[in-house]
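Enquirer: Need coordinates for the below:
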Amino acid sequence: MLKLKHATYALLATALFYASCSSKSEQAVAPTIANEQLTSAYLKLTNEANPSDTTSCRYRFHLDNNGNVKSTDSTALVLKANSKYDVKVLMLDTTQSPTFVVSDEIKQRQNYHLFFFQPTPISSANLVIGTGSPYIPGTPTSASGPYLNLAIARTDLDSNTPPLQIGLTDLFTTGAASTGNLRFVLRHQPNAKNGTYAPGSTDLDVNFKVTIQ
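Expert: Residues are numbered from 1 along each chain as shown. Now for the predicted structure:
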């Protein structure tokens with residue numbers, strides 16, 4: 001299970017990662033799944049109209065010798081306008097040799113994991129919340145725009161009865177040129193997953209800059 005201990009990771013438009021602590025004694029501790037550290041999270045995208053057109057973005061945690069986060073960095077996501085992209089989520093533990101693929105572990109535990117993706121700025125008309133929606137309740141909306149013209153749908157299912165979405169594979173659909181941010185969240189929902197955001201707790205919560213051009 002990915003777990004954030006002693007701190008909550010806050011989303012910032014600058015795409016930097018901060019730990020929100022209530023006292024000086026609290027420290028940001030790297031997310032873990034079982035005994036594995038999560039050090040890198042990637043979104044890898046392939047343009048459906050041109051398979052040779054690929055792109056990605058990465059969020060990386062730099063750890064000290066005790067496994068605590070000492071800094072982070074991220075790359076921006078640049079997409080073509082009016083396009084469809086097949087997306088794969090890749091999560092790694094680079095502290096191991098060879099590198100451990102954490103997303104494979106999440107696949108094995110798919111029945112209690114659910115990914116969410118939140119483009120912002122977004123209009124209230126496009127922020128559709130409910131079972132099967134990848135969007136996050138409580139996200140602020142903009143009345144006048146300009147908006148980030150990015151729509152997201154998950155494309156994989158777990159083995160629950162009935163099957164529920166996971167989000168390890170997705171479809172990103174872009175509209176006109178625009179800029180904004182993409183919030184990327186993994187929810188941990190053991191024995192509670194029902195296709196919505198509310199059950200369980202947050203395992204991972206990071207942010208990417210997005211440009212559609």
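
Enquirer: which residues touch residue 46?
Expert: 53-54, 85-86 (C-beta atoms under 8 Å, 6 or more residues apart in numbering). All C-beta atoms are positioned from the backbone trio N, CA, C, and that covers glycine.

Enquirer: who's in contact with the closest residue to residue 94 other than its chain neighbours?
Expert: Among residues not flanking residue 94 along the chain, residue 39 sits closest, at 4.7 Å (C-beta to C-beta, 6 or more residues apart in numbering). Contact partners of residue 39, counting by C-beta under 8 Å, 6+ apart, are 30, 60-63, 92-95.

Enquirer: Which pLDDT value does the model give residue 39?
Expert: On pLDDT, residue 39 comes in at 92.

Enquirer: tell me, what residue is most central in the protein?
Expert: With distances taken as C-alpha atoms, centre = their mean, the chain has residue 184 as the residue nearest its mean C-alpha position (2.3 Å).

Enquirer: The host helix or strand of residue 116 pairs with which strands, parallel or anti?
Expert: Per DSSP states H and E, residue 116 falls inside strand 113-120. Take DSSP bridges as the rule and strand 113-120 pairs in its sheet with strand 178-188 (antiparallel).

Enquirer: Which helix or strand lies directly C-terminal to the strand it pairs with?
Expert: Helices and strands here follow DSSP H and E; after strand 178-188, the next one along the chain is strand 201-212.

Enquirer: Now do the lengthiest strand in the chain, average pLDDT.
Expert: Using DSSP state E to define each element, the chain has its longest strand at strand 50-63. Averaging pLDDT along strand 50-63 gives 96.

Enquirer: Could you check the angle it makes with strand 201-212?
Expert: Counting by axes from the mean of the first three to the mean of the last three C-alpha atoms, to 10 degrees, strand 50-63 lies at 130 degrees to strand 201-212.

Enquirer: partners of strand 50-63, with directions?
Expert: For strand 50-63, pairing defined by DSSP bridges yields strand 40-47 (antiparallel), strand 69-74 (antiparallel).

Enquirer: Okay, buried residues for the last one please.
Expert: Neighbour counts using 16 or more other C-beta atoms under 10 Å place 69, 72, 74 of strand 69-74 among the buried residues.

Enquirer: is it true that the second one touches residue 41?
Expert: No. Contact status for residue 72 versus residue 41: not in contact, 10.4 Å apart, counting by C-beta atoms under 8 Å.

Enquirer: Please identify every residue contacting each of the two.
Expert: In contact with both residue 72 and residue 41: 59-60, using C-beta under 8 Å, 6+ apart.

Enquirer: Next, count neighbours for residue 156.
Expert: Using other C-beta atoms under 10 Å, residue 156 has 17 other residues around it.

Enquirer: For it, give its distance to residue 171.
Expert: Per C-beta to C-beta, to the nearest Å, residue 156 is found 10 Å from residue 171.

Enquirer: swap in residue 45?
Expert: 10 Å.

Enquirer: Pick out whichever of these two has more residues nearby.
Expert: Neighbour count, other C-beta under 10 Å: between residue 45 and residue 171, residue 45 has more, with 23 against 15.

Enquirer: Give the helix, strand or coil label for residue 82.
Expert: Classification of residue 82 by DSSP: H, G, I helix; E, B strand; the rest coil places it in coil.

Enquirer: ah, wrong one, I meant residue 106
Expert: Put simply, residue 106 is helix when judged by three-state DSSP.
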